[in-house]
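S.K.: Build me a structure from this.
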Amino acid sequence: MTAEQTSSAGPSGFVVRPDGTVAGDDGASGALAAALPYTWRLARRMGELVGAGDLRSMEAIGLRRLTVGVTWTPAGEGTYRAAVAPLEPRTVPSFLVVGAVDASAAVDHCLDRVLGVPGVRWSFVVTAGARVVAAAGDRQDLHHLAEVGNRMLAILRSLEDQHTTGFMRLRFEHGSVIGASLGRHALLASATTAADEDLLAIIDEVRAVLAGHDLSSVTTELDPEAVERAQDEVDLTHEVADPAPQPPLVGARFGGATRQERGKGDRTRTKGRARRSLFGR
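M.R.: Numbers count the residues shown, from 1 in each chain. Below is the predicted model of the structure:
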């Protein structure tokens, strides 16, 4: 579903009806139209997770602008309306990355830069394996980072050719969630107001800074698997060094065995030395 397949002569569009039939040409032999209901369901749940309300529209900004909206029938079936508009060609600037830093420091630097865009509230980076490696900003909204990141990864993959040089913007009732591919990984951000030009500029910079880093190697406190592995190692060491004592058997059926074990212990001590009275007699 490449963007080049769609004519850039002017705005165009298509409609996906509830029964799956398509009116108009999506420019991708039907693949783009087929992906819209799936991506909308993914995006709709993200609004609930981050407290942004209902999903209003989806936008993919790359070589062209794809805008998708939906109207619902009383039975809950959606009609998806997509508009495709050409964008002015742009040249991605070149960046000179100075200094050798590790991947973790590079990611932190990039998130700080993203937060510097007016209107951005929070941002994080998620790997292709749905592992969050860094997050910054208004952390009270970041309770479901992994699921939000995983859903955005799926959306970016489904609409890959629509945003290769740009980003996805999911417009909700209370702000937008931004998603941009970083190779196999992704950058996400929440913004109340942020201009497309500002977002494009900072995303270009982030891609340039992180291009030479293996993001999958970054481990932080936001990696639950790493925390669990560390806890397992601590627990295992504790068990080997200081095993927990087994509780005594209790109950009528174990009473005889307990008395016999105590008797055996008393006889063993008697062989080694004389028994001493508990009261000193």
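
S.K.: so where do the helices sit in the stretch 1-150 of the chain?
M.R.: Using DSSP state H, counting those that start in this stretch, the helices assigned to the stretch 1-150 of the chain run over residues 31-50, 103-115, 145-158.

S.K.: Would you agree G149 is in contact with A186?
M.R.: Yes - applying C-beta atoms under 8 Å, one finds G149 in contact with A186, separated by 6.6 Å. Using the backbone N, CA and C atoms, a C-beta is placed for each residue, glycine as well.

S.K.: Now the common contact residues for the two.
M.R.: Counting by C-beta atoms under 8 Å, 6 or more residues apart in numbering, the residues touching both G149 and A186 are V126.

S.K.: Report the residue ranges of every domain in the protein.
M.R.: Domain segmentation of the chain under automatic domain parsing yields 3-87+102-225, 226-264.

S.K.: Of the helices of the stretch 1-150 of the chain, flag the one that's most buried.
M.R.: Highest mean neighbour count of these: helix 145-158, a mean of 20 (counted as mean count of other C-beta atoms under 10 Å).

S.K.: Okay, angle between that helix and helix 31-50 too, please.
M.R.: 170 degrees (axes from the mean of the first three to the mean of the last three C-alpha atoms, to 10 degrees).

S.K.: Can I get helix 145-158 in CSV? Just the C-alpha atoms.
M.R.: C-alpha atoms of helix 145-158 as CSV (Å, rounded to 0.1, in the frame of the first residue of the first chain):
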residue,chain,number,x,y,z
LEU,A,145,2.7,2.2,28.8
ALA,A,146,3.4,-1.3,27.4
GLU,A,147,-0.2,-1.8,26.1
VAL,A,148,-0.3,1.7,24.6
GLY,A,149,3.0,1.1,22.9
ASN,A,150,2.1,-2.3,21.6
ARG,A,151,-1.1,-0.9,20.0
MET,A,152,0.8,1.9,18.4
LEU,A,153,3.4,-0.5,17.0
ALA,A,154,0.6,-2.5,15.4
ILE,A,155,-1.0,0.6,13.9
LEU,A,156,2.4,1.8,12.5
ARG,A,157,3.0,-1.6,10.9
SER,A,158,-0.5,-1.8,9.4
